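**Q** Provided below are the primary sequence and the corresponding predicted coordinates.
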Amino acid sequence: MTDLAVHRGGCHCGAEKFEFDAPRRVTVQDCNCSICAKTGFLHLIVAGSRFRLLTARDALTAYTFNSGTAKHLFCKHCGIKSYYVPRSNPDGFSVNLRCVDRSTFESVTIEPFDGQNWEAHGPGLAHLSTS
């Protein structure tokens with residue numbers, strides 16, 4: 001990937017802050033699965049090596065369901081899920097674009113993702129966390 005920039009984000013109260021390297025032009029997934037549809041999560045999947053937590057991890061609490069592979073991480077103080085370890089990319093992170101400063105992006109394309117039929121479509125996301 002070329003034209004990488006450092007992007008920053010965090011939760012509502014500021015107890016968790018992070019940064020990551022990603023292109024200035026990105027495509028994110030708007031998933032319709034049971035949890036994403038209720039939270040409005042917009043997925044920007046990045047390689048684990050390109051993600052840096054800037055605050056202590058003790059501000060986070062985890063929630064898992066179904067296969068237990070995805071690690072949904074929420075701020076213990078304000079309840080926001082600004083990023084998590086996705087089932088499709090356990091070697092990376094899915095950052096909620098809604099929790100990121102958008103000033104470092106040139107363009108953002110939002111595409112629908114059929115998470116209600118995850119078994120058929122989830123493996124198509126695996127390439128997104130490769131460095």
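**A** Okay, I see it.

**Q** only C-alpha atoms for contact and neighbour calcs from this point on.
**A** Noted.

**Q** contacts for stretch 51-61, please.
**A** 15-21, 73-77, 93 (C-alpha atoms under 8 Å, 6 or more residues apart in numbering).

**Q** where along this protein do the strands fall?
**A** 4-10, 17-23, 25-31, 42-47, 51-53, 60-63, 71-75, 83-85, 92-96, 107-113 (DSSP state E).

**Q** okay, buried residues for the third one please.
**A** To tie it back to what came earlier, the one meant is strand 25-31. 28-31 (16 or more other C-alpha atoms under 10 Å).

**Q** would CSV of those with pLDDT and distance to Ala56 be doable?
**A** Listed next are the buried residues of strand 25-31 as CSV, based on pLDDT from 0 to 100; distance: C-alpha to C-alpha, whole Å:
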residue, pLDDT, distance to Ala56
Val28, 96, 27
Gln29, 95, 28
Asp30, 95, 28
Cys31, 92, 29
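
**Q** using a markdown table, please lay out those residues together with distance to Ala62.
**A** Formatted as a markdown table, the buried residues of strand 25-31 follow (distance: C-alpha to C-alpha, whole Å):
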| residue | distance to Ala62 |
| --- | --- |
| Val28 | 23 |
| Gln29 | 22 |
| Asp30 | 22 |
| Cys31 | 20 |
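
**Q** about what we covered before: and of the contacts of stretch 51-61, the nearest to His121?
**A** Nearest to His121 among those, counting by C-alpha to C-alpha, is Phe93 at 17.8 Å.

**Q** where in this protein is pLDDT low?
**A** Low-confidence segments of the chain (pLDDT under 70): 1-2, 131.

**Q** contact partners of the top helix by length along the chain?
**A** If you go by DSSP state H, the chain has its longest helix at helix 34-39. Outside helix 34-39, the residues within contact range by C-alpha under 8 Å, 6+ apart are 30-31, 42, 116.

**Q** from the residues you listed, which two are the most distant?
**A** Leu42 and Gln116 (15.1 Å).
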